[in-house]
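Asks: Provided below for reference: sequence and predicted model.
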Amino acid sequence: KSWQSLMSVQFLLSLGLMIVPTFLMGGTFPLVARIYATDLSRVGARIGTAYAFNTVGSIFGSFIGSFLLLRLLGVEKGMIAASVIYLAVGLVLFLAVAERVRLKWRTVGTAVVGVGIVLLVVFSPGWDRKLMTSAVYVYASRYETTEGLNDALERRHLLFYDEGPGATVSVERDQNVIAIRIDGKIDASSGNDMITQELISHLPLLFHPQPDTVLMIGLGSGVSLGSAVTHDLKYIECVELLENVIDAAHFYDTITHNSLSDPRLKMIVGDGRNHVRLSERSYDVIISQPTNPWISGVGDLFTVEFFTEARERLKPGGIMCAWFQIYHMGEPELRSTLKTFASVFPNATLWFSNESDVVLIGSLEPIRIDEELAGRMMRPGTREDLDRVMIDDVGDLLGALLMSDARLRAFVDDGDRIHTDDNMLIEFQAGRRIVESTHVIHLTKFLEVLTPYRFDRLDDETNRMVANRVRARKLTLKGTLERVDGRVDRAVGLYDAAYAAAPHDTYVAAKYTEIHSELGGAAIGSGDLERAGAEYEKALADPRVGDAWIAYDGLGFVQRAKEQYAEARENYRTSVALNPYHADGYINLAWVEIALGDTVAAVRDYEKAIELVPDDADAANNLAWLYAVGGLDLDRALELAEFATGRARDASYFDTLGWVHFKRGELVLAQTSLEEALSIERDRVESIYHLAHVHLGKGERVRAGELLQSVMELDRGGTFAAKAGVMLDEIGNN
């Protein structure tokens, strides 16, 4: 709950894990000295020799561990290899002094070490890579409980994992969002981060009248680089510290316009700060998007010295753009960053991208914003890239201006400290905020200064558009603060008013869609289908909103409950088209396909769901039933039914397995499975009815008749009773 408690827990856990091995390692050298330096006349030379071997071993051990074991085997297998080496060395030393030990103890010691090595190598359970990249140290509040953590891990699909010398980098998919994690912490994604990643590139490149050369510090997902390549540039440099981040970024190639293969790009693996300091090239635009400043070593990309070095690398008329977070960031740290940036650039502005991120734009000369901006926005490629984050016109773009130069300088004061290489204020202070939700504090402050800014070189109509977007964003910010305080009704009213004013503003539409989707879910929970449908209809504001699929899915559920199967099918189809990784969406779609009599489509949808979630026993069972009933693929049906019964002892699963065996002509196996279903649920009418078919197939007409009579008694007036009556008549007539 606090930074102090977090540090205390981390200290105690580290102490518990390391105190014993550290104590033993500390005693190793004195023990070696005692064994090796037995001759008092040569004790100095002997200890010196031992020290020399120790020093050389430490150097080679560090090199081998970092550059060989880590690269070739990874952290987990590298640790196992190191442990095996330690055990083997211990065994060799033990045998070297074996003459001093009784034969019995020599044998026991050798056996214990040998078994230990075998167990370590062969039976080591290995660690869960998804768990190792869950970053509980940052996201504990999201998980809340162990069950919450397990649920989150089940939803995640690991696409890439690499343990590099600088960091462990992974790529995961959660529904239709792909996220890149560095040491478990999400650094970029194809979800809510998209607007920030695009603005970081588009703002400076659109404001510059004719940018030719660009330097980008930090690759991340590559989305910002992808936005940059849509502009008419001649040369792009991108500096990324971690080579495995570049490998991971290829999972975004379809989103980033294959920017990593762009012939104008020079990709550099190295330190961004050093590159800026040592480069002999000048740039029209420099874009800095490092990871969070509280990460060790990152704070120096937010200091006055770095911004000064970057300024010196700008061509005349050049523009500097820097990303900055407002989450896990106290007010003093935010004000310090703004003051630091403004102290270097005589023209500095702050832009709002979402409720977590802001963008700083700096230049030596005033940036000229005129009617040519609209023309640059309409370039092929750039227009389509802006469209996917709902920036349709100049009003949408300029409406993101949070503070002009004058307002930014008025926002900070003389008491705010400048972040320098010497004090590393941001790095040290921001780390204390990782357990705090600080963005609400900043949003409150932003509301106080957020007013429309008039652009003198734009016409009145454009300025009215900008003012309209600003007012709509202000209403949305107020709505968010009301929502945080628990006043949901007031928040909805503000979101609705904002959306009515600016329905295509990306921030406004996203919050409007989000709140009405939540209200739709709440209405379903309370059984109010009419209200749920109305809320989901509102939530379908714009399919470009990233989570629009949720509203389509919810509306499909409402229509399915109202037996409007054709309408439900269309909405479910739209939902899975927007999010093709939503397994439950395919299951829901299969359900309505069955209701509409299209079992072929239902089979296809269930197969897709199982492809996404192979462990879903319910889906496997339902698909097995469809295959069996339709006689489509009885081998596949058996495979699915056996999988489901292997996952859980459920009566319906054994009933399906029994029916599959029956359709395959395996009557003895069918009887065994159906009797197992009835042992779980004694009066299960469906299983009794199916068992009657089995006995009839075996020629046991009397037993089949008894079972059918039982069905008619248990299911009076029901579907199975009617079917049983027909079968009894047929048995009697035959």
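Replies: That came through fine.

Asks: contacts, neighbours, all on C-alpha from now
Replies: Noted.

Asks: Residues in contact with stretch 286-296: which ones?
Replies: 187, 200-201, 214-219, 298-299, 301-302, 310, 314, 319-325, 426-431 (CA atoms under 8 Å, 6 or more residues apart in numbering).

Asks: Repeat that for stretch 404-412.
Replies: 335, 336, 338, 339, 342, 347, 348, 349, 350, 449, 453.

Asks: The fourth one: neighbour count?
Replies: To tie it back to what came earlier, the one meant is residue 339. 23 (other CA atoms under 10 Å).

Asks: hang on, isn't it packed against residue 414?
Replies: No - taking contacts as CA atoms under 8 Å, residue 339 lies outside contact range of residue 414: 9.2 Å.

Asks: Residue 141 versus residue 511, what's the distance?
Replies: With distances taken as CA to CA, to the nearest Å, residue 511 is found 22 Å from residue 141.

Asks: Tell me which of these two has more neighbours.
Replies: Neighbour count, other CA under 10 Å: between residue 511 and residue 141, residue 511 has more, with 22 against 13.

Asks: who touches the more buried one in this structure?
Replies: 476, 495.

Asks: right, and the helix or strand after the helix or strand where it lies?
Replies: Counting by DSSP states H and E, the element that carries residue 511 is helix 506-525. For helix 506-525, the following helix or strand on the C-terminal side (DSSP H and E) is helix 529-539.

Asks: Could you check the angle that following helix makes with helix 506-525?
Replies: If you take axes from the mean of the first three to the mean of the last three CA atoms, to 10 degrees, helix 529-539 sits at 170 degrees to helix 506-525.

Asks: residues in contact with helix 529-539?
Replies: Against helix 529-539 from outside (CA under 8 Å, 6+ apart): 512-517, 519-524, 548, 551-552, 554-555, 558-559.

Asks: Quick check, central residue of this protein?
Replies: residue 179 (4.2 Å; CA atoms, centre = their mean).

Asks: helix, strand or coil for it?
Replies: strand (DSSP: H, G, I helix; E, B strand; the rest coil).

Asks: From what I see, it and residue 192 are in contact.
Replies: No - taking CA under 8 Å as the definition, residue 179 is not a contact partner of residue 192, at 10.4 Å.

Asks: related to what we said a few turns ago, from the contacts of helix 529-539, list the buried ones, please.
Replies: Neighbour-count burial (16 or more other CA atoms under 10 Å) applied to those gives 512-517, 519-521, 523-524, 548, 551-552, 554-555, 558-559.

Asks: and residue 598, backbone torsions?
Replies: Here is the backbone geometry of residue 598 (degrees, to the nearest 10): phi -100, psi 80.

Asks: scratch that, residue 234
Replies: Residue torsions, per degrees, to the nearest 10, at residue 234 are phi -100, psi -30.

Asks: Look up how far residue 266 lies from it.
Replies: Residue 234 is 11 Å from residue 266, by CA to CA.

Asks: for residue 587, same thing?
Replies: Distance, residue 587 to residue 266, using CA to CA: 46 Å.

Asks: One more: residue 625?
Replies: 56 Å.

Asks: swap in residue 555?
Replies: Taking CA to CA, one finds residue 555 at 47 Å from residue 266.

Asks: ok, now residue 659?
Replies: To residue 266, residue 659 is 62 Å away according to CA to CA.

Asks: host element of residue 627?
Replies: helix 617-630.

Asks: chain center to that helix, what's the gap?
Replies: The chain centroid and the centroid of helix 617-630 are separated by 32 Å under CA atoms, centre = their mean, to the nearest Å.

Asks: neighbour count winner among residue 625 and residue 266?
Replies: residue 625 (24 against 15).

Asks: State the number of residues packed around the closest residue to that one other than its chain neighbours.
Replies: Using CA to CA, 6 or more residues apart in numbering and skipping the chain neighbours, the partner closest in space to residue 625 is residue 656 (5.9 Å). Neighbours of residue 656 under the rule other CA under 10 Å: 32.

Asks: what angle separates the helix or strand where residue 656 lies from helix 617-630?
Replies: Assessed by DSSP H and E, residue 656 sits inside helix 651-663. Put simply, helix 651-663 runs at 30 degrees to helix 617-630, going by the same axes, to 10 degrees.

Asks: Show residues contacting the helix or strand following helix 651-663.
Replies: Scanning forward in sequence from helix 651-663 by DSSP H and E, the next helix or strand is helix 667-680. Helix 667-680 has contacts (CA under 8 Å, 6+ apart) with 649-655, 657-662, 684, 687-688, 690-691, 694-695, 697-698.

Asks: close enough to count as contact, residue 204 and residue 361?
Replies: Yes - applying CA under 8 Å, one finds residue 204 in contact with residue 361, separated by 7.1 Å.

Asks: shared neighbours, those two?
Replies: With CA under 8 Å, 6+ apart, residue 204 and residue 361 have common neighbours 319, 320, 321.

Asks: May I see the ChimeraX selection of the buried members of these?
Replies: To isolate in ChimeraX the members of the shared contacts of residue 204 and residue 361 that are buried, counting by 16+ other CA under 10 Å, one can use:
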select :319,320,321
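
Asks: Mind putting the shared contacts of residue 204 and residue 361 into JSON lines with distance to residue 619, pLDDT and secondary structure?
Replies: Output for the shared contacts of residue 204 and residue 361, formatted as JSON lines (distance: CA to CA, whole Å; pLDDT from 0 to 100; DSSP: H, G, I helix; E, B strand; the rest coil):
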{"residue": "319", "distance to residue 619": "55", "pLDDT": "98", "secondary structure": "strand"}
{"residue": "320", "distance to residue 619": "53", "pLDDT": "98", "secondary structure": "strand"}
{"residue": "321", "distance to residue 619": "49", "pLDDT": "97", "secondary structure": "strand"}
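
Asks: how about the shared contacts of residue 204 and residue 361 in TSV, adding distance to residue 710?
Replies: Output for these, formatted as TSV (distance: CA to CA, whole Å):
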residue	distance to residue 710
319	83
320	81
321	78
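
Asks: Residue ranges in the stretch 601-734 of the chain under the pLDDT threshold?
Replies: Residue ranges of the stretch 601-734 of the chain with pLDDT under 70: 732-734.

Asks: ok, back up a step: quick check, the residue nearest to residue 625 in contact with residue 626.
Replies: No - counting by CA under 8 Å, residue 626 is not a contact partner of residue 656; they are 9.6 Å apart.

Asks: what ranges of the stretch 101-250 of the chain fall below the confidence cut-off?
Replies: Using pLDDT under 70, the stretch 101-250 of the chain drops low at 101-106, 109, 117, 120-125.

Asks: residue ranges for the helices of it, please.
Replies: 103-122, 129-132, 136-143, 146-155, 194-207, 223-228, 243-249 (DSSP state H, counting those that start in this stretch).

Asks: out of those helices, deepest packed?
Replies: helix 223-228 (a mean of 26; mean count of other CA atoms under 10 Å).

Asks: Surely residue 427 forms part of a helix?
Replies: Yes - counting by three-state DSSP, residue 427 is located in a helix.

Asks: can you pull the buried residues of the top helix by length along the chain?
Replies: When the chain is parsed with DSSP state H, its longest helix is helix 70-96. The neighbour-count check on helix 70-96 (16+ other CA under 10 Å) flags 70-71, 74-75, 77-78, 80-81, 83-84, 87-88, 91, 94-95 as buried.

Asks: do the same with stretch 692-707
Replies: 692, 693, 694, 695, 696, 701, 704, 705, 707.
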